[in-house]
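Engineer: Predicted model and sequence follow; I will ask about them next.
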Amino acid sequence: MQSPSNVHSKDDLSVHASRADFDSAPLEYNLLLKHNREGIIYTLLAGLFASSAILPLLLVLGYVIIKGGSLMNLALFTQLPSPPGLSGGGIANAILGTFVVTGIASLIAIPIGVGGGIYIAEYSSSGPFSVFVHYGSNVLAGVPSILCGVFVYLIVVSTRLLFGESFSAVAGGLALAVIMLPTIIKTTDEALKLVENDLRLAAMAVGASKVVTVLRVTLPAAFTPIATGALLGIARAAGETAPLIFTALFAFYWPEGLLRPIATMSVLVFNYSIMPYEAQNQLALAASFLLVMLILLANLLVHQLGRLARG
Amino acid sequence: MAESASPFTQRRRTWKDRALDHGFHWLSVVLASLVGVVLIAILVVVFGGSLEAMVAYGFNFLIRSSWDPINNQYGAFTAIYGTLVSSILALLIAVPLGVGSAVFITEAFLPFGIRKIIGGMVELLAAIPSVVLGLWAIFVMEPTLRPLLSDIHETLGWIPLFSTAPMGPGMAPAVLILVVMLLPIITCISRDTLDQVPVELRFAAYGVGSSRWQSIIKIILPAAISGIAGGVLLALGRAMGETMAVTMIIGNSTNFSFSLLAPGNTIASMLANQFGEADGLQVSALLYAALVLMVLTLLVNLLAEWVVRRLRLHYS
């Protein structure tokens, strides 16, 4: 055993000598040992797996950013898509449409989701109803997005529920809202649960009612995580296509109102990338570039928000 | 406060205060219950719509592969087979790759800064819209892979799985794009669970003389198995319901083929392709298929919850 004094006096030669006598087998990395050989193989394998996991995704990003980025021009943002077979044109109506539909979805999903999250986190965290809401939002998050589109189609579009109109921007927004809802509930719930309980007790101690505690104390304290979660949810909804193909449909024109079919970037990518025309394929590529940029931007913003919040 | 004799005065809240308080409570209850309402409404609407086809075809719908809108004969076997085969094959490829990458990211093989960048990148890649992945699959992946798939067909064509010549879109490219989609999901969830394994377990493993990989394989991965298994099942649910990327590259053929190189179909891609233009009994048949998809994903998600709860180790 090493005595404490040996640790402090490294320059003492006698100590080294005595340790050398003691260590009959010096510590060294022996490559011939079975577990060392296995370790190297496993490490290489894991490195190979990690690189093969990241490589295709980098290829996708690189392709979209380089090829799509080179297609950027002003016409893209100002002109309507050209009819199939003709070249040129832009995706201005789809850019506008993506913002409109995602905006409608956010207006529906954020209040409902934040309200639901408040209920789970602040009013009842263990009752059967809150367990039901919690599991319900998990299950809803697992429902395939195409089924949300089918659902809204059956409820709103085919019944012409909204003032006798069928496909519309509002229907698309509703379908996206169904997809965003579980994310927002979960984010709000988790953010509120991270708020120090002392804050609630302090608010109660100075006589604040529950509603004042929630709206003035805990919700503001949880604002940043809720905002970042909502932002990521919105960015993801902007790229969703399946719920929109038979709710918002597509349009070759400028939006004619919230109750008319509307073009979105994601549906444009789907429609135009499977067309056999080069010009349309390029518009799809440009729209993909903008979608990816939108998502990169949202992630960057979230990162900055998080850093600001930490101070 | 000289005028008050006692230091405490009892004050009742005004009725406005109380109404506000109760009103807010009930508002949050209503908003929370909307989740359940939407969920049940989806089930009811899809189930209600599929009744007609259920009566017409019964369970034969699940095992027949004819999809004939002209004669109104529908069977969803091709789509159900396509859904299960594509998602399970994709999972079989993606799980080792994803878990391996997660181990590589959480272990200190690389400096902390680089690992953090890789981790952030994987998270970002999970956010790429699937329609963009589909576009890449059409424009880049499938043309690049076609010679390789042709070689596979020529050398292994005697196996039914590779018995047709690849002609562009098909099951194999769809499986590969699903792998690309699932990898970040599995990697992220596995990484999060591996990070949560108590460091004492690792210390104890090193303390009794195990090497790094012995402790990873024998101690850390088993301790994280609940989260990893849950993540894998969630990824399976995602793969079965994935629509866009698969629809764009699978070929959307309603003819059944064992070959992975032939065009195929999944329930989700069938819905995306036909639902908008279907009418009459075809709508009902499509909704019947949608119900099957819904039940499958619900089962997988419930299984995921159960697995996470069942396999979780409790540290006290």
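Structural biologist: Sure, I can see it. Numbering: from 1, shown residues only, chains lettered A, B, ... in the order given.
Engineer: downstream neighbour of the helix or strand where B:T193 lies in the secondary structure list?
Structural biologist: For B:T193, the host element (DSSP states H and E) is helix B:171-196. Downstream of helix B:171-196, the next assigned helix or strand under DSSP H and E is helix B:199-207.
Engineer: average pLDDT for that following helix?
Structural biologist: Average pLDDT, helix B:199-207: 90.
Engineer: just checking, what packs against it?
Structural biologist: Helices and strands touching helix B:199-207, by 3 or more Cβ pairs under 8 Å, 6 or more residues apart in numbering or on different chains; DSSP states H and E, are helix B:212-215. Heads up, the C-betas are built off the backbone N, CA and C, glycines and all.
Engineer: list the helices and strands the helix it packs on packs on?
Structural biologist: If you count contacts as 3+ Cβ pairs under 8 Å, 6+ apart, helix B:212-215 packs onto helix A:34-63, helix B:199-207.
Engineer: With respect to burial, which of the ones you listed scores highest?
Structural biologist: Neighbour counts (mean count of other Cβ atoms under 10 Å in any protein chain shown) averaged over each of those peak at helix A:34-63, with a mean of 16.
Engineer: Are that one and chain B in contact anywhere?
Structural biologist: Yes: judged by Cβ under 8 Å from any Cβ of the partner chain, helix A:34-63 comes into contact with chain B through A:35-36, A:38-39, A:42-43, A:45-50, A:52-54, A:56-57, A:59-61, A:63.
Engineer: I'd like to know how far B:A126 sits from B:I186.
Structural biologist: Noted for B:A126: a distance of 10 Å to B:I186, by Cβ to Cβ, to the nearest Å.
Engineer: Same drill for these two, tell me which one is more crowded.
Structural biologist: Comparing B:A126 with B:I186 by neighbour count (other Cβ atoms under 10 Å in any protein chain shown), the higher total belongs to B:I186, at 29 against 18.
Engineer: And for that one, nearest residue in space, chain neighbours not counted?
Structural biologist: Distances taken as Cβ to Cβ, 6 or more residues apart in numbering or on different chains place B:G98 nearest to B:I186, at 3.1 Å, with adjacent residues excluded.
Engineer: Likewise for B:T193?
Structural biologist: B:G227 (2.8 Å).
Engineer: all helices for chain B, in order.
Structural biologist: Using DSSP state H, the helices of chain B run over B:15-57, B:60-63, B:77-106, B:112-125, B:130-136, B:142-156, B:171-196, B:199-207, B:212-215, B:221-223, B:225-241, B:244-249, B:267-274, B:281-311.
Engineer: contacting residues for residue 49?
Structural biologist: Picking chain A for this. Going by Cβ atoms under 8 Å, 6 or more residues apart in numbering or on different chains, A:F49 touches B:P96, B:L97, B:G100, B:S101, B:F104.
Engineer: you looked at the wrong chain, it should be chain B
Structural biologist: B:G49 sits next to A:L154, B:V283, B:S284, B:L287 when contact means Cβ under 8 Å, 6+ apart.
Engineer: OK, contacts around the residue lying closest to the first one once chain neighbours are set aside?
Structural biologist: This means A:L154. Spatial nearest neighbour of A:L154, chain neighbours left out: B:V45 (5.0 Å); criterion: Cβ to Cβ, 6+ apart. By Cβ under 8 Å, 6+ apart, the contact set of B:V45 is A:F151, A:L154, A:I155.
Engineer: distance of the first one from chain B?
Structural biologist: Pointing back at A:F151 there. Going from A:F151 to chain B by Cβ to the nearest Cβ, to the nearest Å gives 5 Å.
Engineer: my read is that residue is in a helix, agree?
Structural biologist: Yes: A:F151: assigned to a helix according to DSSP: H, G, I helix; E, B strand; the rest coil.
Engineer: Report how many residues lie close to it.
Structural biologist: Neighbours of A:F151 using other Cβ under 10 Å come to 26.
Engineer: from memory it sits against B:L43, does it?
Structural biologist: No: the criterion here is Cβ atoms under 8 Å, and A:F151 misses it with B:L43 at 9.4 Å.
Engineer: Go ahead and name everything in contact with stretch B:53-60.
Structural biologist: For stretch B:53-60, the external contacting residues (Cβ under 8 Å, 6+ apart) are B:F61, B:R64, B:Y74, B:G75, B:L281, B:S284, B:A285, B:L287, B:Y288.
Engineer: Can I get that stretch in PDB, CA atoms only?
Structural biologist: Extracted in PDB, the C-alpha atoms of stretch B:53-60 (Å, rounded to 0.1, in the frame of the first residue of the first chain):
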ATOM      1  CA  ALA B  53     -66.100  -2.100 -46.200                       C
ATOM      2  CA  MET B  54     -66.000  -4.200 -43.000                       C
ATOM      3  CA  VAL B  55     -69.500  -5.600 -43.700                       C
ATOM      4  CA  ALA B  56     -68.600  -6.200 -47.400                       C
ATOM      5  CA  TYR B  57     -65.300  -7.900 -46.900                       C
ATOM      6  CA  GLY B  58     -64.900  -8.900 -43.300                       C
ATOM      7  CA  PHE B  59     -61.500 -10.300 -42.200                       C
ATOM      8  CA  ASN B  60     -60.800 -11.500 -45.800                       C
END
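Engineer: buried stuff in that stretch?
Structural biologist: B:A53, B:M54, B:A56, B:Y57 (16 or more other Cβ atoms under 10 Å in any protein chain shown).
Engineer: and that stretch, average pLDDT?
Structural biologist: Averaged over stretch B:53-60, pLDDT sits at 85.
Engineer: again with stretch B:146-154
Structural biologist: For stretch B:146-154, the per-residue pLDDT averages 84.
Engineer: Does chain A have contacts with it?
Structural biologist: No: Stretch B:146-154 stays clear of chain A (Cβ under 8 Å from any Cβ), getting no nearer than 14.6 Å.
Engineer: for stretch B:233-240, same thing?
Structural biologist: Yes: Stretch B:233-240 is in contact with chain A by Cβ under 8 Å from any Cβ, via B:L234, B:G237, B:R238, B:M240.
Engineer: which residues of chain B score low on pLDDT?
Structural biologist: B:1-6, B:313-316 (pLDDT under 70).
Engineer: picking up where we left off before, tabulate the helices of chain B in TSV, adding columns for distance to B:S257.
Structural biologist: Below are the helices of chain B laid out as TSV (distance: least, Cβ to Cβ, whole Å):
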stretch	distance to B:S257
helix B:15-57	22
helix B:60-63	16
helix B:77-106	8
helix B:112-125	32
helix B:130-136	21
helix B:142-156	13
helix B:171-196	8
helix B:199-207	49
helix B:212-215	42
helix B:221-223	38
helix B:225-241	20
helix B:244-249	16
helix B:267-274	15
helix B:281-311	18
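Engineer: Relative to A:L194, which of the ones you listed is closest?
Structural biologist: Each of those has some distance to A:L194 by Cβ to Cβ; the shortest is helix B:171-196, at 16.2 Å.
Engineer: Show me which positions of the closest one end up buried.
Structural biologist: For helix B:171-196, by 16+ other Cβ under 10 Å, it's B:171-194.
Engineer: Look up how far A:A109 lies from A:S124.
Structural biologist: 22 Å.
Engineer: higher neighbour count, the two?
Structural biologist: Using other Cβ under 10 Å, the more surrounded residue of A:S124 and A:A109 is A:A109, with 26 against 17.
Engineer: wait, doesn't the more buried one sit right on A:L181?
Structural biologist: Yes: in terms of Cβ under 8 Å, A:A109 counts as a neighbour of A:L181; the distance is 4.9 Å.
Engineer: and which of the residues of stretch B:233-240 next to chain A is nearest chain A?
Structural biologist: Ranked by distance to chain A (Cβ to the nearest Cβ), these are led by B:G237 at 5.1 Å.
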